[in-house]
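Student: Here is my input, please return the structure:
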Amino acid sequence: MDYTWYVTVLAIDLGKTGCRVLRRESAAQQWLGRGSGALGMSHPEGPASAMAAIEGALVAGEVPDSGVDAVCLGAAGVAAAPRAAAEVARMLADRFAARALVTSDSVTSHAGALGGSNGVVLAAGTGSVAITFDGGGGLVQVDGWGQTLGDEGSGWWIGREGLMAACRALDGRGPQTALRAVAEEEFGDLRTLPARLGDATAAIPVLASFAPQVLVGARGGDGVATQILARATEALGATVRAAARATTPAGDATPDCVRASAGGRGAGSAPGAVVRCCMIGGLSAWPERFRADVSQRAQEGASFTLEWVAPQGTSLEGAALIAARTDLPHRGVCTSADP
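Tutor: Residues are numbered from 1 along each chain as shown. Below you'll find the model as predicted:
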């Protein structure tokens, strides 16, 4: 992303498996550090664990930690733990003597993917969610309800549907499918699978791991697998279309800073408007046919035009952008603190 930087920022992308930090002083001068992850924000030791992970990444990358104008941290679980997010913001502000912003990694991913401009970002991996901003600068989230209530069309959902089809075939409750043999080869006796999956949370990565097998089955002509992917693209398309309805369209001449201060939710995309869309996450690396089907499904019945673009940057670059620019609506959904 080509921007002129007038401030020195520290961007942080924090997860349970890893932490990345980026210090950027200009488009050409930057330092990158990587380290281990942290406990979730909702954990009692979450804030302290987050700070320890950040310190480790700074040391690992020999990233200078003084003279920073603003810090932005993007992490999973922020929305569900507002008190912890506020505590981390205060700790960051004191540690770096700078304005500190803490927000969800979905917000930093949106900023990075679209380079700070508005539009719909569909994150489709193990789970699925689409986010955008309305005409009043308010955050709009569609799906992202988790495995109990939503995440339709995601890797977890596709894998579960594939294994359910295999179980139906075994019982004789449903049509025979190549997915049964694949599932038995991967998991053994399917009758033992419920006990092996454990609780709902533990089952998610196991179910998601079967999604690529559904893709392989569909590419091999298996009718059941093909129908599962068709329903997945329909669900993801509906998620994008719903988010696009609320989006300030591309080409809107109103500056983001004005929209963010207007208050309230805008009327959304007018007929004939153009809305930028971007897909990120594990399913975005699936074959072009899958992504094209999502795009086609999203456009069905819409009075506006969806313009699909490639992601410009990562969530880490999005955090740097939010830290550097005060005009972005993303700042309105950050927990902030001053030193």
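Student: For the lengthiest helix in the chain, what is the distance to the chain centroid?
Tutor: For the chain, the longest helix by residue count, based on DSSP state H, is helix 223-245. Relative to the mean C-alpha coordinate of its chain, helix 223-245 is positioned 17 Å out (Cα atoms, centre = their mean, to the nearest Å).
Student: tell me which residues of it are tucked away?
Tutor: Neighbour-count burial for helix 223-245, with 16 or more other Cβ atoms under 10 Å as criterion, is recorded at 224-225, 228-229, 232-245. Where C-beta positions appear, they are placed from N, C-alpha and C, glycine not excepted.
Student: just stretch 36-52 next, same as before
Tutor: 37, 38, 39, 40, 41, 43, 46, 47, 49, 50, 51, 52.
Student: now, which of those lie within helices?
Tutor: Checking the buried residues of stretch 36-52 against DSSP H, those in helices are 46, 47, 49, 50, 51, 52.
Student: Between those, which sits nearest residue 68?
Tutor: residue 51 (15.0 Å; Cβ to Cβ).
Student: In contact with the closest one, which residues?
Tutor: 88, 91, 92, 95 (Cβ atoms under 8 Å, 6 or more residues apart in numbering).
Student: what pLDDT does the residue of the chain most remote from its centre get?
Tutor: Distance from the C-alpha centroid of the chain peaks at residue 172, with 38.2 Å (Cα atoms, centre = their mean). Listed pLDDT for residue 172 reads 94.
Student: What count of nearby residues applies to residue 213?
Tutor: Per other Cβ atoms under 10 Å, the neighbour tally for residue 213 reads 21.
Student: Excluding chain neighbours, give the residue nearest to it in space.
Tutor: residue 182 (5.0 Å; Cβ to Cβ, 6 or more residues apart in numbering).
Student: Quick check, pLDDT for residue 146.
Tutor: Value for residue 146, per-residue pLDDT: 84.
Student: show me the contacts for the nearest residue to it once chain neighbours are set aside.
Tutor: Excluding the flanking residues, the one nearest residue 146 by Cβ to Cβ, 6+ apart is residue 127, at 7.0 Å. Residue 127 is in contact with 144, 146, 147, 151, 154, 155, 156, counting by Cβ under 8 Å, 6+ apart.
Student: Out of those residues, which end up buried?
Tutor: Buried among the contacts of residue 127 (16+ other Cβ under 10 Å): 144, 147, 151, 154, 155, 156.
Student: From residue 157, how far out is the second one?
Tutor: In other words, residue 147. 8 Å (Cβ to Cβ, to the nearest Å).
Student: Residue 330 too?
Tutor: Residue 330 is 28 Å from residue 157, by Cβ to Cβ.
Student: buried set for stretch 71-85?
Tutor: 71, 72, 73, 74, 75, 77, 78, 79, 81, 84, 85.
Student: so what's the residue nearest to residue 302 when sequence neighbours are not counted up against?
Tutor: The shortest distance from residue 302 to any non-neighbouring residue, by Cβ to Cβ, 6+ apart, is to residue 241 (5.6 Å). Taking Cβ under 8 Å, 6+ apart, we find residue 241 in contact with 297, 298, 299, 300, 301, 302.
Student: My reading is that residue 63 is in a strand; is that accurate?
Tutor: No - under DSSP: H, G, I helix; E, B strand; the rest coil, residue 63 falls outside any strand and is assigned coil.
Student: Enumerate every residue touching it.
Tutor: Residue 63 neighbours (Cβ under 8 Å, 6+ apart): 10, 21, 23, 31, 32, 33, 57.
Student: Tally up the residues packed near the second one, please.
Tutor: In this case it means residue 21. Residue 21 has 28 nearby residues by other Cβ under 10 Å.
Student: Okay, and the beta partners of it?
Tutor: Counting by DSSP bridges, residue 21 forms beta bridges with residue 12, residue 33.
Student: Low-confidence regions, the stretch 101-250 of the chain specifically.
Tutor: 248-250 (pLDDT under 70).
Student: Now do the strands in it.
Tutor: 120-124, 128-133, 139-143 (DSSP state E, counting those that start in this stretch).
Student: Nearest approach to residue 289 belongs to which of the ones you listed?
Tutor: Comparing the strands of the stretch 101-250 of the chain by Cβ to Cβ, strand 120-124 comes nearest, at 14.9 Å.
Student: Tell me what angle the closest one forms with strand 139-143.
Tutor: Taking axes from the mean of the first three to the mean of the last three Cα atoms, to 10 degrees, one finds that strand 120-124 is oriented at 40 degrees with respect to strand 139-143.
Student: now strand 120-124, how far from the chain's geometric center?
Tutor: 6 Å.
Student: Equivalent analysis for stretch 77-97, please.
Tutor: 20 Å.
Student: Tell me who's in contact with the closest residue to residue 226 other than its chain neighbours.
Tutor: With sequence-adjacent residues excluded and distances taken as Cβ to Cβ, 6+ apart, residue 226 is closest to residue 218, at 4.5 Å. With contact set as Cβ under 8 Å, 6+ apart, residue 218 has these partners: 225, 226, 228, 229.
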